[in-house]
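1. Fold the following and give me the result.
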Amino acid sequence: MADEVSKTAFLEIQGRMIELTGKLKQVQNQMRNKEGEKKRAFLTLEELGQLSDDTNTFKSIGRTFVLEPKSVLMNEQEQKLKDSESAIASLQTSKEYLEKQIAEVENNLRELLQQDPGLARQIMSMSVI
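-> Predicted coordinates for the structure are as follows:
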């Protein structure tokens, strides 16, 4: 009976770990994407800053280019930069939370395996394919 309870608890912890790890990878990918957006906006701002104010600047909309004043493009890039920074800060908070949750699940698993050495032996004897 206790063996079944231990197996059930192990499977529950394992499922939680898989779920949290997937969420963490997703947040890391989102952070990577936002970092790329931030870098593109920064580099575009640098290039626009080097141009004189009377230079014709164009904005890409799909496959067409529309003439836009330099100030409009600068404002859009600054907004993209700010949005990316705030999104990165939010994702960093989520990442830290998920890392804490994973550490908690690891501790729960460690405690479970220490309480039931037979379960630990069973898990170690399983072959991973």
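2. how far away is the spatially most central residue of the chain from residue 101?
-> The residue lying closest to the centre of the chain (C-alpha atoms, centre = their mean) is residue 27, at 1.7 Å. Plainly put, residue 27 is 12 Å away from residue 101 if you go by C-beta to C-beta, to the nearest Å. Bear in mind the C-beta positions are built from the backbone N, C-alpha and C, glycine included.
3. How about residue 58?
-> In this view, residue 58 and residue 101 are 47 Å apart by C-beta to C-beta.
4. The two: who's more crowded?
-> The residue with more neighbours, out of residue 58 and residue 101, is residue 101; 16 against 11, by other C-beta atoms under 10 Å.
5. Who are the contact partners of the more buried one?
-> residue 20 (C-beta atoms under 8 Å, 6 or more residues apart in numbering).
6. so how far is residue 9 from residue 73?
-> 57 Å.
7. which residue packs closest to residue 3, ignoring adjacent ones?
-> Closest residue in space to residue 3, ignoring its immediate chain neighbours: residue 118 at 6.9 Å, by C-beta to C-beta, 6 or more residues apart in numbering.
8. And for residue 113?
-> Going by C-beta to C-beta, 6+ apart, residue 113 has residue 120 as its nearest residue, at 4.4 Å.
9. so what secondary structure elements neighbour the helix or strand hosting that neighbour?
-> Residue 120 belongs to helix 117-125 when assigned by DSSP states H and E. Using 3 or more C-beta pairs under 8 Å, 6 or more residues apart in numbering; DSSP states H and E, the elements in contact with helix 117-125 are helix 2-50, helix 70-115.
10. please redo it, this time with the cut-off set to 7 Å
-> Applying 3 or more C-beta pairs under 7 Å, 6 or more residues apart in numbering; DSSP states H and E, we find helix 117-125 packed against helix 2-50.
11. buried set for the lowest-mean-pLDDT helix or strand in the chain?
-> Ranked by mean pLDDT, DSSP states H and E, the weakest helix or strand in the chain is helix 117-125, scoring a mean of 74. For helix 117-125, the neighbour count (16 or more other C-beta atoms under 10 Å) marks residue 119 as buried.
12. Having no further points to raise, I will conclude here.
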